[in-house]
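Colleague: Pasting the sequence and the predicted model now:
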Amino acid sequence: MFLKRTFTFLLCLFSLSLQAQDWNKKQCAVVLTYDDALNVHLDKVIPALDALGLKGTFYLTASSAAFTKRLNEWKKVAANKHELANHTLYHPCDGSLPGRSFVSPEYNLATYSVRRLTDEIRMTNAVLQAIDGKQERTFAYPCGDTKINGVSFVDAIKGDFIAARGVKGEMVSKSNPDLYNIGSFMINGQSGEELIELVKKAMQTNSMLVFLFHGVGGEHNLNVSLEAHNQLLRFLKDNEKKIWVPTFVEATKYLKTSGAAK
């Protein structure tokens, strides 16, 4: 009886240990995403990632000058196994919502049709494929908007993407996550210590944490300092035995193959 109870106890401990290491055999996953195709991503972020052997996901707005004028550099980024992902052609947001005075009339999602939006999204996929040769792609909703005049367009784009990133600030569990609205933490002004605390929470809860960056050291109203960003990267590198740092497409494909995602 004693041996049986001891065996059962050890089996439980082993099972708990496996559960705590269930993100590609790591304690948690941290995904670094960067929106809007900014010059600072090429000039500052990618060199910082490359220096530590880390990979990022870049949600590119295909009309951005930092994309169209630097295509050869983005091609090199893709060749170095960073992810080039879809953030639409013109970054339309719903200008009818509160706080959206920055939305231009030409690219006001409230005046779009689903057909216009999907056409622009698919054109962006074609442009990105011309850059990196890939057909599997992920998407990020501009401004987190998933509806046009109250009607969801999510189902209309599911066939074009492996997964999509939303903007709800939440840790992602392996328990039945919605692949087409994966939560993320939008970063604006946090210190390096605050960014690291988010990672530690992901480690404690065995979750996936998706960072949503815009400006890094400038170039956007939503911004984090280079110092804070680099402090986060160093923490991730120093703890690489416990933290998996995949691209968004890698992370969501892992969720899909694990059978937990919907």
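Modeller: In hand now; what should we look at?
Colleague: right, and the secondary structure at the nearest residue to residue 132 once chain neighbours are set aside would be what?
Modeller: Closest residue to residue 132 apart from its sequence neighbours, by CB to CB, 6 or more residues apart in numbering: residue 78 at 3.7 Å. Placement of C-beta: from N, CA and C, glycine included. Three-state assignment for residue 78 (DSSP: H, G, I helix; E, B strand; the rest coil): helix.
Colleague: the strands in this protein, which residues?
Modeller: 28-35, 57-60, 83-86, 138-140, 147-148, 151-152, 163-165, 185-186, 208-213, 215-216, 223-224, 243-244 (DSSP state E).
Colleague: I'd like those as TSV, with distance to residue 202 and mean pLDDT appended.
Modeller: Listed next are those as TSV, based on distance: least, CB to CB, whole Å; pLDDT from 0 to 100:
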stretch	distance to residue 202	mean pLDDT
strand 28-35	4	98
strand 57-60	17	99
strand 83-86	20	99
strand 138-140	20	98
strand 147-148	29	98
strand 151-152	29	96
strand 163-165	16	98
strand 185-186	10	98
strand 208-213	4	98
strand 215-216	20	98
strand 223-224	18	98
strand 243-244	8	98
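Colleague: Please identify which of those is closest to residue 112.
Modeller: For these, proximity to residue 112 was assessed by CB to CB; strand 147-148 is nearest, at 5.5 Å.
Colleague: Need the residues that contact the closest one.
Modeller: 94, 109-110, 112-114, 117, 153 (CB atoms under 8 Å, 6 or more residues apart in numbering).
Colleague: If we use 7 Å, what do you get?
Modeller: With CB atoms under 7 Å, 6 or more residues apart in numbering as the test, strand 147-148 has contacts from 109, 112, 114, 117, 153.
Colleague: what does stretch 219-236 give?
Modeller: The contact list for stretch 219-236 (CB under 7 Å, 6+ apart) reads 30, 36, 38-40, 44, 48-49, 52, 54, 186-192, 195-196, 199, 213-217, 243, 245.
Colleague: that older thread, looking at the contacts of strand 147-148, which has the most residues close by?
Modeller: Greatest neighbour count in the contacts of strand 147-148, by other CB atoms under 10 Å, goes to residue 109: 26 neighbours.
Colleague: from what I can see that one touches residue 90, true?
Modeller: No. Judged on CB atoms under 7 Å, residue 109 makes no contact with residue 90 at a distance of 10.0 Å.
Colleague: hey, where'd the helices end up in the stretch 101-250 of the chain?
Modeller: With DSSP state H, counting those that start in this stretch, the ranges of helices along the stretch 101-250 of the chain come out as 114-132, 154-157, 192-205, 226-238, 248-258.
Colleague: between these, which has the poorest average model confidence?
Modeller: Ranked on mean pLDDT, the bottom entry among those is helix 248-258, at a mean of 95.
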